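>>> here are the coordinates; sequence isn't available:
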């Protein structure tokens, strides 16, 4: 048997659910005046389920719009290969507090040491917290920016990028960028400064950015904006992919290629 106190608590819960769902305030009033305990309990469960379903759908849309190349999480992540800076704890990284502070992460280290996995996992976690995220390889973004400028839609693309809470730029410096591409990237870095968080993955030390982006001063300006509110995460060790490559696995002598 439901007590009057328990019934009132359920009605208060229903009122909170109705506000989240933008339903009329008449619903909890009807429950108070006309609802039976069973009806009130059923309605509370139904509204809770609807909120959960909408939240799940919203997260699904955010993850889809982020366009991650693969789905990765921190559940199976090996932190042994990465050295976090003193100002950023593992928990802060996983929870994404750096996004709320509009701080940047530069993930630096050799190929295959888990940089992209971490970047995607941080992006997926951000989506689950309701953040807008977009993932690009640098080559992909430069081509997209160049095409938008050619078509007269560059401002629209920049506005769309500015609406994100987190922008992930993978393979930064892996491929040389011409001066036009460097200028377009610099615009994105400048637009993001103190307005959103960036995650960059790179195997290129800062001192070599000038050679990749064709202009030492432009590279220095990029580094300055990224470093001012940023954390450098150092990755080390051998490539995980190479260590686990099928080609490196020993082949039985009887089936080895001659």
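Yes, it's here. Because the structure is predicted, anything quoted here is derived from the model rather than measured.

>>> can you list contacts of stretch 18-33?
10-12, 14-15, 17, 39-40, 43, 47, 50-51, 54 (C-beta atoms under 8 Å, 6 or more residues apart in numbering). Using the backbone N, CA and C atoms, a C-beta is placed for each residue, glycine as well.

>>> which of those residues are buried, as a PyMOL select command?
Entered in PyMOL, the line below selects the buried ones among those, by 16 or more other C-beta atoms under 10 Å:
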select buried, resi 10+11+14+15+17+40+43+47
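
>>> any chance of JSON lines for the contacts of stretch 18-33, columns distance to residue 210, secondary structure and pLDDT?
As requested, the contacts of stretch 18-33 are exported to JSON lines (distance: C-beta to C-beta, whole Å; DSSP: H, G, I helix; E, B strand; the rest coil; pLDDT from 0 to 100):
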{"residue": "10", "distance to residue 210": "64", "secondary structure": "helix", "pLDDT": "90"}
{"residue": "11", "distance to residue 210": "65", "secondary structure": "helix", "pLDDT": "89"}
{"residue": "12", "distance to residue 210": "61", "secondary structure": "helix", "pLDDT": "92"}
{"residue": "14", "distance to residue 210": "61", "secondary structure": "helix", "pLDDT": "89"}
{"residue": "15", "distance to residue 210": "60", "secondary structure": "helix", "pLDDT": "91"}
{"residue": "17", "distance to residue 210": "56", "secondary structure": "helix", "pLDDT": "88"}
{"residue": "39", "distance to residue 210": "70", "secondary structure": "helix", "pLDDT": "90"}
{"residue": "40", "distance to residue 210": "68", "secondary structure": "helix", "pLDDT": "90"}
{"residue": "43", "distance to residue 210": "64", "secondary structure": "helix", "pLDDT": "92"}
{"residue": "47", "distance to residue 210": "58", "secondary structure": "helix", "pLDDT": "92"}
{"residue": "50", "distance to residue 210": "55", "secondary structure": "helix", "pLDDT": "93"}
{"residue": "51", "distance to residue 210": "51", "secondary structure": "helix", "pLDDT": "92"}
{"residue": "54", "distance to residue 210": "48", "secondary structure": "helix", "pLDDT": "92"}
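
>>> how about the contacts of stretch 18-33 in TSV, adding distance to residue 201?
Listed next are the contacts of stretch 18-33 as TSV, based on distance: C-beta to C-beta, whole Å:
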residue	distance to residue 201
10	49
11	51
12	47
14	46
15	46
17	41
39	54
40	52
43	48
47	42
50	39
51	36
54	33
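
>>> go ahead and flag the most central residue of this structure.
The centroid of the chain falls nearest to residue 123 when counting by C-alpha atoms, centre = their mean (1.8 Å).

>>> give me the secondary structure label for that residue.
helix (DSSP: H, G, I helix; E, B strand; the rest coil).

>>> quick one, what contacts it?
Contact analysis of residue 123 by C-beta under 8 Å, 6+ apart lists 66, 68, 133, 135, 166, 168, 199.
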